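J.: Here's a sequence, model it:
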Amino acid sequence: MSQQIIVLLTAVCALTYSFEIVFGLAGTIMMVAIMSLIVAPQVLVVYSLLPQILVALVGLGRTRRRLDVRLLAGMLGFATLGALLGLFLFFQLPPELFRHLFAAAIIVFGAYLVLSPKGLRVHPGVGRVLDVLAGVSQGLFGVSGPIAMTRLLGTVEHKTDVRNHALAFFLCLNLVRAGGYVVHQTITADVAMAMVWSAPVLLLVLWFANHLHVHVNEAWFRRVVAWAILLGGVSMWWH
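T.: I've put the predicted structure just below:
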């Protein structure tokens, strides 16, 4: 990547992942939608490892952590299996068909949340299916927010608890993804350089953006998350 592209990428990530640290998702979806006009989507997915890990570390490190360890462990157990499958697909298969299927699923989840964001309840069996799908999506696209948030909004009550569980879930799955990238030597010199230059800027921006989530109204939180999921799915379908 040229220095100009790295600067642009860092600026875009500062905006999109500030949104993610407040609402718990959509940073990667928005970043890829914008930057894939000039950078290959697969490269952006690999790069997204950095801002996603920073979001989770800053968000969890600067908030009151209320985590249901049993719920989180169960989600991660099934999601890790899905993530390994997703990584296999990332390295072996052309993702176009899966991308459209995934986008369609996001649109369905988002539409359901928009129509009934307060009455959502996820059956435990459905929750396990969503956990696996979230893992597959994270491994393949670097994005599991829409599925994981759909699952959490139907399981956890308070917005801060939803956000904290999401951040912990994403952090663990991204560590699995990082291990897969290291084994397959996927992080190129260009991507590593972009990460090195972006990290200090993103860390500073996210440190201050994290304060905003406490000022977000509960109803607005769920509404924005629902619309972000729906529009993210539409964007991925037509991109």
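
J.: Need phi/psi at residue 2.
T.: phi -80, psi 160 (degrees, to the nearest 10).

J.: Determine the number of other residues adjacent to residue 231.
T.: By the measure other Cβ atoms under 10 Å, the count of residues near residue 231 is 18. For the C-beta atoms, the positions are set from N, CA and C on the backbone; glycine is no exception.

J.: start at 640 instead
T.: Sounds good: first residue 640 from here, last item residue 870.

J.: That one: what's its closest spatial neighbour, skipping adjacent residues?
T.: Closest residue in space to residue 870, ignoring its immediate chain neighbours: residue 749 at 7.3 Å, by Cβ to Cβ, 6 or more residues apart in numbering.

J.: where along this protein do the helices fall?
T.: 642-662, 666-674, 680-686, 688-700, 708-731, 735-754, 763-780, 784-792, 798-822, 828-848, 857-877 (DSSP state H).

J.: Any chance of those helices in JSON lines with mean pLDDT as columns?
T.: Shown next, in JSON lines, are those (pLDDT from 0 to 100):
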{"stretch": "helix 642-662", "mean pLDDT": "88"}
{"stretch": "helix 666-674", "mean pLDDT": "79"}
{"stretch": "helix 680-686", "mean pLDDT": "86"}
{"stretch": "helix 688-700", "mean pLDDT": "88"}
{"stretch": "helix 708-731", "mean pLDDT": "87"}
{"stretch": "helix 735-754", "mean pLDDT": "71"}
{"stretch": "helix 763-780", "mean pLDDT": "85"}
{"stretch": "helix 784-792", "mean pLDDT": "78"}
{"stretch": "helix 798-822", "mean pLDDT": "85"}
{"stretch": "helix 828-848", "mean pLDDT": "92"}
{"stretch": "helix 857-877", "mean pLDDT": "70"}
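
J.: Just name the most buried of the ones you listed.
T.: helix 784-792 (a mean of 28; mean count of other Cβ atoms under 10 Å).

J.: related to what we said a few turns ago, double-check the residue nearest to residue 870 against residue 874; I have them as touching.
T.: No. Using Cβ atoms under 8 Å, residue 749 is not in contact with residue 874; the gap is 10.9 Å.

J.: Just give the nearest non-adjacent residue to residue 652, would you?
T.: residue 690 (5.0 Å).

J.: got it, and residue 743?
T.: residue 876 (6.8 Å).

J.: That neighbour and residue 666: what is the separation?
T.: Taking Cβ to Cβ, to the nearest Å as the measure, residue 876 falls 19 Å from residue 666.

J.: Next: residue 733.
T.: 25 Å.

J.: Same question for residue 797.
T.: 22 Å.

J.: for residue 837, same thing?
T.: Distance from residue 837 to residue 666, by Cβ to Cβ: 13 Å.

J.: Please apply the same query to residue 641.
T.: Separation of residue 641 from residue 666 (Cβ to Cβ): 23 Å.

J.: What is the neighbour count of residue 826?
T.: Residue 826 has 16 nearby residues by other Cβ under 10 Å.

J.: how about the nearest residue to it once chain neighbours are set aside, what does it touch?
T.: Distance criterion Cβ to Cβ, 6+ apart; nearest residue to residue 826, sequence neighbours excluded, is residue 820 at 5.3 Å. Contact partners of residue 820, counting by Cβ atoms under 8 Å, 6 or more residues apart in numbering, are 685, 688, 826.

J.: Was I right to think residue 776 contacts residue 788?
T.: No. Contact criterion Cβ under 8 Å: residue 776 and residue 788 do not qualify, at 11.9 Å.

J.: What residues does the closest residue to residue 842 other than its chain neighbours make contact with?
T.: Setting aside the residues directly before and after it, residue 842 is nearest to residue 693 in space (Cβ to Cβ, 6+ apart), at 5.8 Å. Residues near residue 693 by Cβ under 8 Å, 6+ apart: 656, 838, 841-842, 845.
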